[in-house]
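Student: One predicted model, sequence on top.
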Amino acid sequence: MTLLGQHLAVFLREHLPRDRGASPHTCEAYATCFQLLVVFAASHLRTKPSDLTVEEIDATLVLAFLEHLTTARGNGARSRNARLAAINAFFRFLEYRLPDCLDQAGRIHAIPMKKVDEALVTHLTRVEIKALLDAPDPRTPSGTRDRAMLHLAFAAGLRVSELIGLKSDQVDQRNWGDIRVMGKGRRERVLPLWKETATAIRAWVNIRPKTSAPELFLNDVGAPMTRSGFAYILRKHVERAAATQPSLRDRPITPHVLRHTCAMHTLAATHDIRKVSLWLGHATLQSTEIYLRADPTEKLEALAVMEPPVLRPGRFKAPDKLLSMLNDVRNRRKYAQ
């Protein structure tokens, strides 16, 4: 029997960040998954978490854990699939360290992902995004910072992890013409900036507190901005913008909606899904196709070049009321017999 803890520690502390180059957010998400799994397994097997073994985390227990996530914790299909992906990654790591668990790992890899509904992406119109960008008060330090963050999140289409992880030296502070972004999968890309976005960032850099933190955006105590911190800032300014743009009221505007908005506006301007994919830093075009489904422009163009079938001309003639009444009476007597 092999203790689970020692291999799990190497996987989370060394393999993910060093060998796979995973971001801190990914490492944190994986650690959360295994914390939930270990607590569930220890309760299910009536043992201490530190006494759990690799052999006890079999396909049957993993299936029970996934069911627990859905029923007891109320997780949706996407969260359930993300947890399963983390477990699969751990057992792929174990296959090279513990060949005896190959059969066990194969059974876990065979657990299917749950299908999810592919809803259309939520995005803001040009009027709505302008109202949101105008919501922060640039006369205050926090308002200057918030305006720069919102401008950059929308204009560059950044993931929230890319936004809060952006370092000061990744911004071209000589010409203020572009930024370098380290995206998902350790893929780096360079994005040009609008003059308005560069002006908003430069205004924040000029008043940014002098700290040892390399991150560009800081919270009110001088520490690096967090995901929850930016989500709170966004909600606050959405409520303020709703006063001038009522369509924003009672809508779930998350940080990722700003990224979707950038993608939809870029697609409308370029009509080129490849450019949208490059701008967002997607690994494949398949990830970008969700924006084609939400954009009616391509469908309207296809509809315009298609020749519709010709309908046979004719006019509807209402039946005579007396004959209709007699026919109804006749049918009722027929079915009554």
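Tutor: Nice, I can see it.

Student: what about the most centrally placed residue in the chain, helix or strand, and which?
Tutor: Geometric centre of the chain, nearest residue: residue 256, 5.8 Å, by C-alpha atoms, centre = their mean. Using DSSP states H and E, residue 256 sits in helix 255-270.

Student: who's in contact with that helix?
Tutor: 121-124, 126, 129, 150, 153-160, 163, 227, 230-231, 234, 273, 275-276, 279-280, 288, 291-292, 294-295, 297 (C-beta atoms under 8 Å, 6 or more residues apart in numbering). (Glycine included, C-beta is placed from N, CA and C.)

Student: Using PDB, write out every CA atom in it.
Tutor: C-alpha atoms of helix 255-270 as PDB (Å, rounded to 0.1, in the frame of the first residue of the first chain):
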ATOM      1  CA  PRO A 255     -15.000  39.600 -15.500                       C
ATOM      2  CA  HIS A 256     -15.200  37.000 -18.300                       C
ATOM      3  CA  VAL A 257     -18.100  39.000 -19.900                       C
ATOM      4  CA  LEU A 258     -15.500  41.800 -20.600                       C
ATOM      5  CA  ARG A 259     -13.400  39.200 -22.500                       C
ATOM      6  CA  HIS A 260     -16.500  38.000 -24.400                       C
ATOM      7  CA  THR A 261     -17.400  41.600 -25.200                       C
ATOM      8  CA  CYS A 262     -13.900  42.200 -26.700                       C
ATOM      9  CA  ALA A 263     -14.200  39.100 -28.800                       C
ATOM     10  CA  MET A 264     -17.600  40.000 -30.200                       C
ATOM     11  CA  HIS A 265     -16.600  43.500 -31.000                       C
ATOM     12  CA  THR A 266     -13.400  42.300 -32.700                       C
ATOM     13  CA  LEU A 267     -15.400  39.800 -34.700                       C
ATOM     14  CA  ALA A 268     -17.900  42.500 -35.800                       C
ATOM     15  CA  ALA A 269     -15.000  44.700 -36.900                       C
ATOM     16  CA  THR A 270     -12.800  42.200 -38.700                       C
END
